[in-house]
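In: got a structure for you, letters missing:
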């Protein structure tokens, strides 16, 4: 029962962790940690609750802790370039546009990025996203609205290859 | 017919296709009449499609062996399914080891006491009572003054119940528990995810006024401190250290104000 419920979630948990952390290895470590906790605390989940939401909550909290830990060290130091953490590199014709979009996503505050990922990528309901993030549903909606507006603005304003950031990355 | 005004929430739900068909049609009609808004919404939709094209394929990758739930479950099962006598034997051995080590430390060292000991007691009680589904607390919240009276009778001190609603934790209830230093009051809280926190409080003979310090136990996280002869320790899950700090601050603040 436990295994049957957890197993199908692993690919999407990896996707959420990796989209948040932008780091293949760190994301998989996080998912492993999450699965260990889910199994160890299996009896503590609400019987009426939804397993996907519960496991996503564990993973999200672990990811936030990890991101906080990173930001107190040195920012951006082990973030891979987009081509490495994505499953398939952006195609030739969409490459620049997609890279600009990914950079805009990275630039979002973590709480807005999490909403975009949970809603647009993981297809969680607004209510489930609110439970996972432990905020009222109205907060989810306003974060979503702000995140979309910001993404739209930055990809429209952003030159295809902003020198500043990519340059800095290469220097490290 | 006058329909409800279109909100930003509607526009986002339109992009995510979360509206019922009637509302979906209303929003579509609105967008037809407002090309500037329609342009923005189609920008959102394109952005959503692009992100999905980039990120969805991550879930198609083969799952690495380290993430095999069967193996993880087996590993945990082996750890926890030791026969009781093996666990008891291990406890005795650890006890001997500890006692041996203890005698070598010399007589000048005071035994474990003060807030370090209080933190240990809180972590022990957290480990016993927080996973309890049947009777995590002896007296539930809302049982009137019964709990406060009981604690006052056994501890000889009033212990106020901090209100942690603002941090998302509801007071579940409490009980009097045993410690090597006499009776202590235990309060338990939980949040919407079922995460439980425990606060332990007892009179102190050593460390009667000490600033907040983190727990040193690996199995739980939390903070302990003492003020005016009473010790307090707030503990929660092992990964909640960062989360607990502001809550512990809040508890200390309320107690300082005579909660």
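Out: That came in fine, so what should we check first? If you're wondering where the values come from, they're calculated on a predicted model, not measured in any experiment.
In: C-alpha only now, for contacts and for neighbours.
Out: OK.
In: can you pull the contacts of the residue in the stretch 51-200 of chain B that chain A sits nearest to?
Out: Closest to chain A within the stretch 51-200 of chain B is residue B:59: 4.4 Å, counting by CA to the nearest CA. Residues near residue B:59 by CA atoms under 8 Å, 6 or more residues apart in numbering or on different chains: A:11, A:12, A:14, A:15.
In: residue B:225 now?
Out: Going by CA under 8 Å, 6+ apart, the list of residues near residue B:225 reads B:115, B:209, B:210, B:211, B:212, B:213, B:231, B:232, B:233.
In: get me the contact residues on chain A for chain B.
Out: Residues of chain A lying close to chain B by CA under 8 Å from any CA of the partner chain are A:3, A:6-7, A:10-12, A:14-15, A:19, A:28, A:31-32, A:35-36, A:39-40, A:44-46, A:54, A:62, A:65, A:86-88, A:90, A:98, A:101-102, A:119-121, A:141-142, A:144-145, A:148-149, A:151-152.
In: so which of the residues you listed are in helices?
Out: Cross-referencing these against helices under DSSP state H gives A:3, A:6, A:10-12, A:14-15, A:19, A:28, A:31-32, A:35-36, A:39-40, A:54, A:62, A:65, A:98, A:101-102, A:141-142, A:144-145, A:148-149, A:151-152.
In: out of these, which are buried?
Out: Neighbour-count burial (16 or more other CA atoms under 10 Å in any protein chain shown) is assigned, among these, to A:6, A:10-12, A:14-15, A:19, A:28, A:31-32, A:35-36, A:39, A:54, A:62, A:65, A:98, A:101-102, A:141-142, A:144-145, A:148, A:151-152.
In: among the contacts of residue B:225, which are located in strands?
Out: If you go by DSSP state E, the contacts of residue B:225 have B:210, B:211, B:212, B:213, B:231, B:232, B:233 in strands.
In: leaving out chain neighbours, which residue sits closest to the second one?
Out: Excluding the flanking residues, the one nearest residue B:211 by CA to CA, 6 or more residues apart in numbering or on different chains is residue B:225, at 5.4 Å.
In: what pLDDT does residue A:156 get?
Out: Listed pLDDT for residue A:156 reads 82.
In: kindly state the pLDDT recorded for residue B:170?
Out: Reported pLDDT for residue B:170: 90.
In: just residue B:100 next, same as before
Out: Residue B:100 is given a pLDDT of 45.
In: just to be sure, residue B:171 is in a strand?
Out: Yes. The assignment for residue B:171 (DSSP: H, G, I helix; E, B strand; the rest coil) places it in a strand.
In: pretty sure it is touching residue B:160, no?
Out: No. Applying CA atoms under 8 Å as the test, residue B:171 and residue B:160 come out as separate, 12.0 Å apart.
In: got a list of what residue 32 touches?
Out: No chain was given, so I picked chain A. Counted by CA under 8 Å, 6+ apart, residue A:32 has contacts B:66, B:67.
In: wrong one, I was asking about chain B
Out: residue B:38.
In: show me the shaky parts of the chain.
Out: Since you didn't name a chain, this refers to chain A. Within chain A, the segments meeting pLDDT under 70 span A:47-49, A:73-83, A:90-94, A:158-172.
In: wait, chain B
Out: Using pLDDT under 70, the flagged stretches of chain B are B:1-2, B:78-112, B:259.
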